[in-house]
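Visitor: next one to model:
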Amino acid sequence: MALSELEILAFIRARFLGGEALTDDCGALPPCPSGQILLTTTDLMEEGVHFRREWHPPALLARKLLAVNLSDLDASGAVPVGFTLTLALPKDLDWAWLETLLGALADAARERSLPVLGGDTVGRDAGVGLGMTAFGLATRWLKRDGLQPGDALFVDQPLGLSLRGLRKLEAGSCDLTDPDLAAHLDPLPNLGLGPKLAAIPEIHACMDLSDGLSRDLRTMAHASGVSIEVDASLGEDAIRGGEDYARCFGSNLPKAELEARLGLPLTVVGRAIPEEAAPLFLYDGKTRVPMDDLSFDPFT
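Guide: Numbering: from 1, shown residues only. Okay, here's the model as predicted:
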């Protein structure tokens with residue numbers, strides 16, 4: 001069937017938690033309890049830049065759209081409370097593809113009791129664009145600007161799998177049981193860890209790794225006014241790769257104590273040092289050299 005805005009909205013109202021309230025141009029945010037902060041994040045996924053329809057099943061694309069937004073909230077210490085959805089759709093898009101995407105997104109949001117709060121739809125000549133703005137409540141907002149010299153930088157998940165999955169997709173692989181492909185097509189960030197991190201005062205800064213370690217640590221270093229020594233033993237894929245959606249956080253607590261308190265294994269990826277001429281240095285335990293930004297740049 002040809003796309004119709006009225007049909008799309010009717011599907012969303014019928015299938016999404018909170019959809020029945022979508023009757024106006026505006027939606028209502030939930031009230032913010034005393035002592036908490038309402039946080040928001042926005043992600044845009046553009047066909048040809050962030051995904052390709054020929055290899056990304058629409059159900060997994062929907063799950064990824066929700067996961068990457070919730071990952072940002074979680075890394076800030078927030079518990080998600082709802083989202084808005086924006087769809088930019090080519091006029092010749094197959095309805096069955098869109099129905100699968102929206103149905104999977106509705107199911108994934110219901111699993112987390114997350115209502116849709118509003119959004120917009122627009123037609124265009126080519127390419128699918130998916131936009132989401134998610135909202136969450138935090139008692140303590142974990143930001144990127146709190147690193148202190150001497151802090152170790154930890155991550156909670158292996159790095160580089162998504163990059164390897166992307167390479168395999170580009171080479172023609174379609175084995176969805178491959179953990180590398182799964183990491184790229186259907187990422188599973190450790191949601192719920194962020195509020196636990198925020199409850200530990202000795203964790204000074206946190207962000208989710210979406211652009212790649214060499215880009216995201218650079219961002220954290222600039223925000224905190226420090227430099228960072230990056231462990232060279234991680235390997236190029238872990239340092240270069242993006243879309244890992246791990247929590248990356250800095251703390252002066254010992255690794256063993258953090259693992260015991262959080263109940264999961266951690267990997268040390270670097271160490272904050274007083275600010276020097278370069279934001280990042282690659283360090284092999286003996287020598288260090290300034291490190292370039294090796295991550296994907298959507299503008300270039």
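Visitor: what about stretch 270-283, start to end distance?
Guide: Taking CA to CA, to the nearest Å, stretch 270-283 runs 9 Å from one end to the other.
Visitor: show residues contacting it.
Guide: Outside stretch 270-283, the residues within contact range by CB atoms under 8 Å, 6 or more residues apart in numbering are 147-153, 214, 217-218, 221-222, 224-232, 239, 250, 288-291. All C-beta spots, glycine's among them, are computed from the backbone N, C-alpha and C.
Visitor: give me the subset of the residues you listed that lies in helices.
Guide: 214, 217-218, 221-222, 224, 239 (DSSP state H).
Visitor: tell me the domain boundaries of the chain?
Guide: Structural domains assigned to the chain are 5-24+34-138, 152-290, following automatic domain parsing.
Visitor: quick one: average pLDDT of the first one?
Guide: Yep, that's domain 5-24+34-138 we're talking about. Computed over domain 5-24+34-138, the mean pLDDT rounds to 95.
Visitor: and what of the last one?
Guide: Across domain 152-290, the average pLDDT comes to 96.
Visitor: quote the end-to-end distance of that domain.
Guide: Domain 152-290 end-to-end distance (CA to CA) = 18 Å.
Visitor: what of the shortest one?
Guide: Using CA to CA, the gap from the first to the last residue of domain 5-24+34-138 comes to 35 Å.
Visitor: next: stretch 282-294.
Guide: End-to-end distance for stretch 282-294: 12 Å, by CA to CA.
Visitor: list the buried residues in that stretch.
Guide: 282-283, 288, 291, 293 (16 or more other CB atoms under 10 Å).
Visitor: in strands, which of these fall?
Guide: Cross-referencing the buried residues of stretch 282-294 against strands under DSSP state E gives 282-283, 288.
Visitor: now P90: how far from L185?
Guide: Distance of P90 to L185, given as CB to CB, to the nearest Å: 21 Å.
Visitor: for this protein, longest strand please?
Guide: strand 79-90.
Visitor: using PDB, list the CA coordinates for it.
Guide: Only the C-alpha atoms of strand 79-90 are listed here, as PDB (Å, rounded to 0.1, in the frame of the first residue of the first chain):
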ATOM      1  CA  VAL A  79      16.000   6.100  34.100                       C
ATOM      2  CA  PRO A  80      14.000   6.500  30.900                       C
ATOM      3  CA  VAL A  81      10.400   7.700  31.100                       C
ATOM      4  CA  GLY A  82       9.300   8.200  27.500                       C
ATOM      5  CA  PHE A  83      10.200   9.300  23.900                       C
ATOM      6  CA  THR A  84       9.100  11.100  20.800                       C
ATOM      7  CA  LEU A  85       9.500   9.600  17.300                       C
ATOM      8  CA  THR A  86      10.200  11.400  14.000                       C
ATOM      9  CA  LEU A  87       9.900   9.600  10.700                       C
ATOM     10  CA  ALA A  88      11.200  10.900   7.400                       C
ATOM     11  CA  LEU A  89      10.100   8.400   4.800                       C
ATOM     12  CA  PRO A  90      10.600   8.100   1.000                       C
END
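Visitor: now do the helices in the stretch 151-300 of the chain.
Guide: Taking DSSP state H, counting those that start in this stretch as the test, the helices found in the stretch 151-300 of the chain are 161-170, 179-185, 193-198, 213-224, 236-240, 255-262.
Visitor: and those: which comes nearest V269?
Guide: The closest of those to V269 is helix 213-224. By CB to CB, the value is 6.5 Å.
Visitor: now do the closest one: distance to the chain's middle.
Guide: Centroid displacement of helix 213-224 relative to its chain, using CA atoms, centre = their mean, to the nearest Å, is 16 Å.
Visitor: the more surrounded of P90 and L185?
Guide: Taking other CB atoms under 10 Å, P90 and L185 do not tie; L185 has more neighbours (23 against 16).
Visitor: I figured that one hits L176, correct?
Guide: Yes. Judged on CB atoms under 8 Å, L185 makes contact with L176 at a distance of 7.0 Å.
Visitor: perfect, I'm done here.
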